[in-house]
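Asks: Prediction below, plus the sequence it came from.
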Amino acid sequence: MSRVRRSALTFGSGLGYSAVTLVVGLIAVPLLIRWLGAEAYGAYRATSDWLAHLMLLEFGLAGALQPLLARSLTEDTDATSRVLAAGIRAYLGVTGIMMVAGAVLIATIGTLVPVGEALRGNLRAGVTVGVAGLLLVPFSPIRTLAEARQRGYRVNAVLLVQSLVTTGLALWLAWRGFGIAGQFVAVTAGLLLFVVLLAPGELRPFRRAFHYLRRPAVIAESRRALRQLNLPTFLRQLSGRLSFLSDRIIVAWLLGPVVVVPLYITQRLAEIVQVQLHGVATATWAALADLHAREHFDVFNRRLVELSRLVTVLAVAALVPIVAFNRTFVTLWVGLDRFGGPAVTLFAAINAYLMALYVLWGWTFGGTGQVARLVPMSIAVTVVNVVASIAGTMVFGMVGPLVGTTIGFVSVASWQLPRLLRRTFQTPVGSLLGGIAVPLALGVPYGLAAWRLARVVEPSWFLLAAAMGASAMVYLGAAWFLVFSKDERVVYRGLLQRGRDGS
């Protein structure tokens, strides 16, 4: 299977995963809010973000493993087995550190996520279950291996099963009155299921890795390479977490967990699109890394420009209808009282697009083992973002963290990252920016038309879906002829045809 075919299959399976989880979420979230209560649901979301931050204590191992595994796969299975063994051994070491930090989180969660007296015990029990789930961390290299093998489509299939099982269990436990703790039981069960379903198929060709786990001398070189990469990767991931995954933590801390609910609800559509836009990078980083490793630099840069254009087209097509119709969507879904406002919607959409470019361009460094070049810029983005987010929340309320994220992107990353691409990969900045400028310009009349249409559409699920879908299709049709080159259309047409044929 070709690189392009595997990338397309991974991205397409990601779209299917998001479509199913969107429909399931439309059903599940209102029920969870009703059965848990707004305070408990908001506390669960904020606490989940705190637990996610504990993953920083893996010190960048996942990002460091990506280029090492991608490089080893161009050699032989024994080389990959050695890298995989080094990764598993490193994860075993950091799991203990995570468990200690988890114990601190259990002791302090009532202060970090302030809830009423009636919920404190249940919240602490939920965090305890979530911390226990960290015992699955040593299996993390399995997903990295699958993505390095350009088998992200298999990861997406397993994620879909995991999501359905987790959601079903979460609903049942909420209905039975297990509260916040029940939600973390469901999440932990889903994590275990993910490992059980993914591990056998991915590890089978590399069984020798378990033999090498007991032979440190054999994997010493891989461990050294991992240590050289994991510190800059850790600093990069730390910056990313603090910058882009702390919104609900800041809001819960300054405004209370109840306010987290409208913030989460209002951003939900934009977050789903953001995940799919990230899927372009997830689906293609290994192929780009392979081109770079084979010194096909011209093709590498051409593909990067094309992918940037594709991300922009997909972002504009999906995010503009969300900005225009999100009020109607939230009203139909959970009620107008849960709508966080048009400003939250607008900044969530802007950040979803900017983050997608940030991830795509950033993974060119991570996939080629040059993530250290991004660290100074990432730290600068983080400082600006966190300061602006806290100040913005105190002044503007729940939209504050989103404004802070936009300021961090625009003031630092928007000019620093293209400059780093030019210096590192000789990427032509003019071509890169030109590739995204045309679809953005085409999005202006599209946005005005969608906004006007949103003012006249009656609030019903059928009309809402029809209006949003038709708007996106009109833009995509225009972009097909006005944005993509003839060669790009040939490639995308072939991928679409093979997708319809199932080949």
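Replies: Done, it's in. Note that the coordinates shown come from a computational prediction; the quantities given were computed from them, not determined experimentally.
Asks: Buried residues, stretch 381-397. List them.
Replies: Neighbour-count burial for stretch 381-397, counted by 16 or more other Cβ atoms under 10 Å, picks out 381-382, 384-386, 388-390, 392-393, 397. Heads up, the C-betas are built off the backbone N, CA and C, glycines and all.
Asks: cool, stretch 447-460 as well?
Replies: Buried, per 16+ other Cβ under 10 Å, within stretch 447-460: 447, 450, 453-454.
Asks: got it, and stretch 41-53?
Replies: 41-51, 53.
Asks: Residue 326: which of the buried residues of stretch 447-460 is nearest?
Replies: Within the buried residues of stretch 447-460, the smallest distance to residue 326 is 9.0 Å, found for residue 454 (Cβ to Cβ).
Asks: List the residues that contact that closest one.
Replies: For residue 454, the contacting residues are 324-325, 328, 467, by Cβ atoms under 8 Å, 6 or more residues apart in numbering.
Asks: okay, the buried residues of stretch 381-397 in TSV with distance to residue 427, secondary structure and pLDDT next?
Replies: Shown next, in TSV, are the buried residues of stretch 381-397 (distance: Cβ to Cβ, whole Å; DSSP: H, G, I helix; E, B strand; the rest coil; pLDDT from 0 to 100):
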residue	distance to residue 427	secondary structure	pLDDT
381	20	helix	87
382	24	helix	86
384	24	helix	90
385	25	helix	88
386	29	helix	87
388	29	helix	92
389	30	helix	91
390	34	helix	91
392	33	helix	92
393	36	helix	92
397	39	coil	91
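Asks: Kindly reformat these as TSV and extend each row with distance to residue 481.
Replies: Formatted as TSV, those follow (distance: Cβ to Cβ, whole Å):
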residue	distance to residue 481
381	36
382	41
384	39
385	38
386	43
388	40
389	41
390	46
392	41
393	44
397	43
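Asks: now the buried residues of stretch 41-53 in JSON lines, with distance to residue 267, pLDDT and secondary structure?
Replies: Below are these laid out as JSON lines (distance: Cβ to Cβ, whole Å; pLDDT from 0 to 100; DSSP: H, G, I helix; E, B strand; the rest coil):
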{"residue": "41", "distance to residue 267": "15", "pLDDT": "92", "secondary structure": "helix"}
{"residue": "42", "distance to residue 267": "13", "pLDDT": "91", "secondary structure": "helix"}
{"residue": "43", "distance to residue 267": "17", "pLDDT": "91", "secondary structure": "helix"}
{"residue": "44", "distance to residue 267": "16", "pLDDT": "93", "secondary structure": "helix"}
{"residue": "45", "distance to residue 267": "11", "pLDDT": "90", "secondary structure": "helix"}
{"residue": "46", "distance to residue 267": "14", "pLDDT": "88", "secondary structure": "helix"}
{"residue": "47", "distance to residue 267": "18", "pLDDT": "91", "secondary structure": "helix"}
{"residue": "48", "distance to residue 267": "14", "pLDDT": "91", "secondary structure": "helix"}
{"residue": "49", "distance to residue 267": "13", "pLDDT": "85", "secondary structure": "helix"}
{"residue": "50", "distance to residue 267": "18", "pLDDT": "87", "secondary structure": "helix"}
{"residue": "51", "distance to residue 267": "19", "pLDDT": "90", "secondary structure": "helix"}
{"residue": "53", "distance to residue 267": "18", "pLDDT": "80", "secondary structure": "helix"}
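Asks: Farthest-apart pair in these, please.
Replies: The largest separation in the buried residues of stretch 41-53, counting by Cβ to Cβ, is between 41 and 53 at 19.6 Å.
Asks: gap between the two ends of stretch 210-222?
Replies: Terminal residues of stretch 210-222 lie 15 Å apart, using Cα to Cα, to the nearest Å.
Asks: All good on my end, thank you.
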